[in-house]
Structures are given as structure tokens and as C-alpha cells.
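Trainee: Dropping a prediction and its sequence here:
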Amino acid sequence: MDVFTHFLLDYGYWGMLLSAFLAGSVLPFSSEAVMIGLLAAGLDPVLLLIYGSTGNVLGGMLNYGLGRLGKLEWLERYFHVKPESIDKAYRFMGGRGAWMGFFAFLPILGSAVTIVLGLTRANIPVSVLSITIGKVLRYAVLIWGANFFM
């Protein structure tokens, strides 16, 4: 994993986009480490916010698409998404709809939220908007915190 992280750091903004995409999808990856590394390397925080948020939203929409397929056994077998995570996300969302995509930034539960949005066929434009708001705010807080403590 360390070699892969260094590879992403070498590719700057595109590495940020790819790491955020992986982290936003059902694959286990931490884009925060890549973002902090790229901030420390002197890359522009605004561009990192744009590339990171874009990649993370695209990863979330991949989850939405997987959920929309409705093949829970695929999610469990190939992506190791536990049925308990899906159940937790259903309960958390409580039928509130696409605006719950805002909470896709949450660790562990976030991927399940985007999958459930797909399973429930939530409104796509509203889902994209709510997911984007949550992801942008998450990365903005991370960048602010990193700059504050550097």
C-alpha cells in the first residue's frame, strides 16, 4: 500500500483524483493521506479540493450504480460489502431520500449510503448534489486543518 501511495503522490493532482475515486468507491483506500502528502509537497489546495472532490464523488456514483444494479450478492462477494453495513445505512437514511447523500463522507457508512441511494433509485441529480456538498466540505475541513497545523 505504501508503494501505491507514493505512486499517487508522484502524479500530483491526477494521483489525488485517483486516490479519491478509490476512497469514494467500495474499495478500502484513504485519500486523506495522499491529500496531506500533496499539501506538504506544496500543491495548490484549491486544485486539490477540486480534484479530490471530483474523484470522491465519481467513486460514490460508482457505488450508486452498483446499488442500482440491485445485485447485493455481487457487492458482498466481489467488494466485501457486508449486509450489516447496508442495513445500517437503510436505518440511518430512514426513507429520507437523495438528500441523505450528504452523509456519504462518513467513514465506513458513506459507501453504504451511496449504495442504498442506488438500491432505492434515489433522484440522481439530487443525489449528486448532496454527495458533492458533503465531499467538498469534508476535504475543505481536511485542507483547513492541515494548513492550520502545518
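Mentor: Now that the structure is in, tell me what you want to look at.

Trainee: Helix or strand: which one has Leu75?
Mentor: Counting by DSSP states H and E, the element that carries Leu75 is helix 72-79.

Trainee: Rounded mean pLDDT for the stretch of helix or strand Leu47 belongs to, please.
Mentor: Assigned by DSSP H and E, Leu47 belongs to helix 45-69. Across helix 45-69, the average pLDDT comes to 94.

Trainee: Could you report the distance from Asp10 to Gly59?
Mentor: 21 Å (CB to CB, to the nearest Å). C-beta here means a position set from N, CA and C on the backbone, and glycine is covered the same way.

Trainee: Neighbour count: the two, which is higher?
Mentor: Legend: neighbour count by other CB atoms under 10 Å for Asp10 and Gly59, higher for Gly59 (29 against 10).

Trainee: so that one sits right up against Gly24, yeah?
Mentor: Yes - in terms of CB atoms under 8 Å, Gly59 counts as a neighbour of Gly24; the distance is 2.4 Å.

Trainee: give me every residue that touches the spatially most central residue of the chain.
Mentor: Taking CA atoms, centre = their mean, the centroid of the chain lies closest to Gly24, which sits 2.4 Å from it. Contacts for Gly24 (CB atoms under 8 Å, 6 or more residues apart in numbering) come out as 31, 55-60, 62-63, 104, 110-111, 114, 135.

Trainee: Grab the nearest non-local neighbour of Leu75.
Mentor: Val81 (4.2 Å; CB to CB, 6 or more residues apart in numbering).

Trainee: neighbours around the one you found, how many?
Mentor: 21.

Trainee: Quick check: the gap between it and Ile50.
Mentor: From Val81 over to Ile50 (counting by CB to CB), the distance is 28 Å.

Trainee: same check, this time on Ala23
Mentor: 16 Å.

Trainee: Looking at those two, which is more packed in?
Mentor: Higher neighbour count among Ala23 and Ile50: Ala23, with 25 against 16, using other CB under 10 Å.

Trainee: Quickly note the distance from the closest residue to the more buried one other than its chain neighbours to Phe21.
Mentor: Distance criterion CB to CB, 6+ apart; nearest residue to Ala23, sequence neighbours excluded, is Ser31 at 3.9 Å. Separation of Ser31 from Phe21 (CB to CB) stands at 8 Å.
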